[in-house]
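K.L.:
dropping the sequence and predicted coords here.
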Amino acid sequence: MTIMRHFTIEVKVEEKVGLPGKRRAEGRAKALRKLFTSALQALRESWMESKSPIVIVGVGFVKTDFLKYLREEAPEIAEKVIDVKSVNSVGVAGIHEALRSGILKKALRDLRIAEETEAVEEVLNRVGRGRGDVAYGLLDVERAVLLGAVEKLLITDTQLRGVPDEKRRRMEELMRNVEGKGGSVVIVSTEHEAGVKLQSLGGVAALLRFPVKS
């Protein structure tokens with residue numbers, strides 16, 4: 001079991017287990033149950049530390065059986081599983097294989113796009129409702145930040161690169177102020193539809209804790 005940090009891995013637990021052959025079904029089931037119990041304990045400890053999304057990789061059917069076990073025994077962790085993929089190697093070698101093949105990178109990229117899309121759609125929904133609990137465009141967002149109203153700030157990546165230094169510093173200050181007041185920041189890629197939608201609103205928007213009059 002490993003934790004991925006910036007596409008390097010930190011090995012948390014490595015355990016070798018011999019499984020009885022398929023003809024010894026009862027013994028095999030008990031051995032798998034013991035393996036899954038041990039793996040869940042290690043996963044729970046590691047996940048509580050990082051709260052990161054989970055990708056399960058492995059050979060054969062064991063990986064899918066482990067996911068079923070997770071759904072039964074730890075549904076709160078199972079819902080954080082974003083992908084289940086096959087590799088040809090076991091142990092840490094299998095993790096390295098998943099890294100080389102791009103499996104983990106793709107899973108994390110898909111998750112990021114989903115999270116960015118969800119945030120942008122919430123902005124658009126709030127704009128449509130017209131309740132004043134969203135701000136978009138730099139001036140309105142800056143005003144909301146000054147009032148401490150911003151729960152989540154969304155900025156397209158194009159607002160931070162290839163722009164004049166003065167504008168980039170203004171955006172960076174905006175992000176620091178939001179985080180300093182307990183808000184979060186989402187950088188939205190313009191390489192997918194959600195980013196294009198946000199760009200049409202001026203490239204910056206904010207979900208607000210409370211309504212702010214424009």
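P.N.:
Right, received. Where do you want to start?

K.L.:
residue 210: how many residues sit nearby?
P.N.:
A count of neighbours around residue 210, defined by other C-beta atoms under 10 Å, yields 11. Backbone N, C-alpha and C define where each C-beta goes, glycine included.

K.L.:
so it: helix, strand or coil?
P.N.:
The local conformation at residue 210, judged by DSSP: H, G, I helix; E, B strand; the rest coil, is coil.

K.L.:
ok, for it, nearest residue in space, not its chain neighbours?
P.N.:
If you skip the residues right next to it in sequence, residue 210 has residue 149 as its closest partner in space, 5.7 Å away by C-beta to C-beta, 6 or more residues apart in numbering.

K.L.:
quick one: contacts for the one you found?
P.N.:
Taking C-beta atoms under 8 Å, 6 or more residues apart in numbering, we find residue 149 in contact with 135, 206, 208, 209, 210, 212.

K.L.:
10 Å instead?
P.N.:
For residue 149, the contacting residues are 132-133, 135, 141, 143, 181, 183, 206-212, by C-beta atoms under 10 Å, 6 or more residues apart in numbering.

K.L.:
filter those down to the buried ones, ChimeraX style.
P.N.:
One line in ChimeraX is enough to select the buried members of those, burial here meaning 16 or more other C-beta atoms under 10 Å:
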select :133,135,141,143,183,206,207,208,209,212
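
K.L.:
strands of this protein, start to end?
P.N.:
Counting by DSSP state E, the chain has strands at residues 2-5, 8-11, 54-58, 81-86, 134-136, 150-156, 184-188, 204-208.

K.L.:
where exactly do the helices run in this structure?
P.N.:
Taking DSSP state H, the helices of the chain run over residues 25-50, 62-73, 75-78, 91-101, 103-129, 138-146, 165-180, 193-200.

K.L.:
next, format these as TSV and append distance to residue 187 and mean pLDDT.
P.N.:
Conversion of those to TSV gives the following (distance: least, C-beta to C-beta, whole Å; pLDDT from 0 to 100):
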stretch	distance to residue 187	mean pLDDT
helix 25-50	20	82
helix 62-73	31	93
helix 75-78	27	92
helix 91-101	23	84
helix 103-129	8	90
helix 138-146	14	96
helix 165-180	9	94
helix 193-200	9	96
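
K.L.:
so what are the domain limits for the protein?
P.N.:
2-101, 114-208 (automatic domain parsing).

K.L.:
could you say which of those is packed most deeply?
P.N.:
The highest average neighbour count among those, using mean count of other C-beta atoms under 10 Å, belongs to domain 114-208 at a mean of 17.

K.L.:
how far does that one sit from its chain's centre?
P.N.:
18 Å (C-alpha atoms, centre = their mean, to the nearest Å).

K.L.:
compute the first-to-last residue distance for that domain.
P.N.:
21 Å (C-alpha to C-alpha, to the nearest Å).
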